[in-house]
Structure formats: structure tokens, C-alpha cells
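Novice: any chance you can model this:
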Amino acid sequence: MSKITSSITCLPGILFKDEQSYYHAHVPALDITGYGSTKEEAKDSLQLVMKIYFEKLMAERGLYKDLKEHGWMIGPHDVVPPDFTRSNLGGMLSWIKSGTGVYQMSCRIDWPAGRLFG
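Specialist: Numbering: from 1, shown residues only. The predicted structure is shown next:
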């Protein structure tokens, strides 16, 4: 399977406030969201959700399939996330439109060394 040559991937994301004044930090490339009553809480929640996501799927050997289903391109030496501009934002567009503020953010994935998928 794939051997990662670059150990870091930066993913674009969005941070927005909903009509109930909760912040949501969303990464469309993984369709993962964290939330909280402040921007910082939402980002911290997102980090926890991402950690659980990767740990669970790597333990179950389901990461390859899940990333492919989210539109990632996986080659012999690299893993490329889908184009953010082509994303449907994980079905969250209506929440974003109803929010009072939308902010750009990014998150960083530190891939484990060596073989990622098998």
C-alpha cells in the first residue's frame, strides 16, 4: 500500500458560529466537525474528534477506504486530500449560511512514519 514520503498534510477548514451562538470547526476533506461555546473550544473539540477518527480507523484498518470515499487520491508515495473548492462542505452549507460569522482555518495532520495503509 502507500508509504508516506511527506509526514505533514495541512487541510483547509472553516470555523463558523451558528444561530445558537455555538462555534463549529469543520474540515470538509474528512467531513469532521468539532464544536464549542468559543472558537478555541471548537478547535480543541475538532482536534479530539480527529484523533479519535484516525486512531479508530487505523486500528480497524479502514482508513484507506474512508479517505477514498471522501475523495482523497492515494498513490504509492503520497496522500492528497480532495479539492476544498469542490467540496459540498459535508452538507453543512445551510448551517454556515445561518451563522453570524464564518472564518477560515486550517489543521495539520502529522502522518505516522512508514506504511499508512497495511
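
Novice: after the least confident helix or strand in the chain by mean pLDDT, next one along is what?
Specialist: Of all helical and strand segments in the chain, the minimum by mean pLDDT, DSSP states H and E falls on helix 93-98, at a mean of 59. Using DSSP states H and E, the next helix or strand after helix 93-98 towards the C-terminus is strand 101-110.

Novice: against A42, how distant is L15?
Specialist: 6 Å (C-beta to C-beta, to the nearest Å). C-beta coordinates here come from the backbone N, C-alpha and C atoms, glycine included.

Novice: counting neighbours, go ahead and name the busier of these two.
Specialist: Using other C-beta atoms under 10 Å, the more surrounded residue of L15 and A42 is A42, with 23 against 19.

Novice: could you give the angle of the longest helix seen in the chain to strand 101-110?
Specialist: Secondary structure assigned by DSSP state H gives helix 39-59 as the longest helix of the chain. Relative orientation of helix 39-59 and strand 101-110, computed by axes from the mean of the first three to the mean of the last three C-alpha atoms, to 10 degrees: 40 degrees.
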